[in-house]
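# Attaching a predicted model along with its sequence, questions to come.
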Amino acid sequence: MRILQVRLGPVRPLVDAKGLPWRSAIAKVESLDPVRVGPEGIEGDQVADRRHHGGPQQALLAYAAAHYGRWREEGVELPLGSFGENLVVEGASDQDVCVGDLWLAGALRLQVSQPRQPCGTLARHLDSSSVVERIWDTGRGGWYLRVLAPGLLSPGALELQDRPHPGWTVARVLRAFDEAARNPDEARAAAELAHLSPEWRSKLAAKAG
């Protein structure tokens with residue numbers, strides 16, 4: 001696995017496809033210099049909606065570089081960084097990254113905490129509700145990481161050090177959430193994952209009933 005790009009950005013004024021103004025930090029830019037990463041994420045990176053985003057369980061958002069090729073095959077041409085990710089990752093995807101995976105990037109220790117749930121902010125940014133709907137179908141939403149040990153981060157190798165929940169990929173957990181009404185046992189099992197974020201464990205348990 002490799003980090004191809006590290007991206008960050010401030011909350012800034014934007015204009016959506018309807019010409020309406022809004023504010024978001026989803027339009028991140030690539031950093032050409034090493035960045036410092038702490039428990040809340042990259043120094044200088046910002047979050048507009050603190051109610052739904054940010055915090056230690058969502059310190060960094062990663063997205064698979066390979067997914068961009070799949071979107072292109074489906075007629076959706078998007079440049080790297082279009083999903084508001086902090087890390088563009090090569091050699092890993094939602095279909096093989098598991099909740100609780102422990103990654104090393106130099107002195108930095110990162111752990112996969114939860115899937116990224118597609119939302120209205122992403123739809124507005126991409127001007128496409130169909131892409132968001134397609135994420136639910138394909139599991140290509142990305143995943144969040146918590147920071148276990150801070151450090152400097154730049155593009156380079158990622159080492160998988162531990163996998164406490166093999167088989168529980170972020171795509172599987174996202175599907176368990178989406179299909180909880182039809183398959184409550186799967187949602188309950190996902191809610192028991194010790195390294196899944198507390199918010200997602202609660203949401204899955206509630207949806208499973």
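Thanks, I have the structure now.

# Okay, helices next: where are they in the protein?
65-73, 120-126, 129-138, 170-178, 184-191, 198-208 (DSSP state H).

# Can you give me every residue that contacts the one residue sitting closest to the centre of the chain?
Residue closest to the average C-alpha location in the chain (C-alpha atoms, centre = their mean): W143, at 2.8 Å. W143 sits next to L61, A62, D94, V97, V112, S113, Q114, P115, R116, V170 when contact means C-beta atoms under 8 Å, 6 or more residues apart in numbering. Glycine gets a C-beta too; all of them are placed from N, C-alpha and C.

# Same check on D178?
Taking C-beta under 8 Å, 6+ apart as the test, what D178 contacts is W136.

# Any figure for the gap between it and V76?
Distance of D178 to V76, computed by C-beta to C-beta, to the nearest Å: 20 Å.

# Residue ranges in this structure under the pLDDT threshold?
Scanning the chain for pLDDT under 70 picks out no residues.

# can you give me the strands for it?
For the chain, the strands defined by DSSP state E cover 2-8, 12-15, 21-24, 29-30, 35-38, 41-42, 60-64, 87-90, 102-105, 108-115, 143-149, 151-153, 156-157, 159-162.

# Pull up the pairing partners for the longest one, direction included.
Here the strand partners of strand 108-115, with direction, are listed using DSSP bridges: strand 102-105 (antiparallel), strand 143-149 (antiparallel).

# could I get the ones you listed as CSV with distance to A189?
Formatted as CSV, the strands paired with strand 108-115 follow (distance: least, C-beta to C-beta, whole Å):
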stretch, distance to A189
strand 102-105, 21
strand 143-149, 19
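
# between these, which gets nearest to F83?
strand 143-149 (11.1 Å; C-beta to C-beta).

# Give the buried residues for that closest one.
Going by neighbour count (16 or more other C-beta atoms under 10 Å), the buried part of strand 143-149 is W143, Y144, L145, R146, V147.

# burial count for the closest residue to P164 other than its chain neighbours?
Spatial nearest neighbour of P164, chain neighbours left out: G100 (4.2 Å); criterion: C-beta to C-beta, 6 or more residues apart in numbering. As a burial measure, G100 scores 17 neighbours (other C-beta atoms under 10 Å).

# Quick check, G100 in contact with H195.
Yes - in this structure, G100 is within contact of H195 by C-beta atoms under 8 Å, at 3.2 Å.

# Export the contacts of W143 as TSV, with columns for neighbour count.
Listed next are the contacts of W143 as TSV, based on neighbours: other C-beta atoms under 10 Å:
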residue	neighbour count
L61	22
A62	25
D94	24
V97	23
V112	27
S113	25
Q114	25
P115	28
R116	23
V170	27
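
# Next, count neighbours for N86.
Quick note: N86 (other C-beta under 10 Å) scores 27 neighbours.

# In contact with it, which residues are there?
V6, R7, L8, K28, G41, I42, D45, L60, L61, A62.

# Which pair of the contacts of W143 spans the longest distance?
D94 and S113 (13.7 Å).

# Would you mind checking the contacts of N86 for buried ones?
Buried among the contacts of N86 by 16+ other C-beta under 10 Å: V6, R7, L8, K28, G41, I42, D45, L60, L61, A62.

# didn't Q46 look like it was pressed against V11?
Yes - at 4.7 Å, Q46 counts as touching V11 under the criterion of C-beta under 8 Å.

# No more questions from me, cheers.
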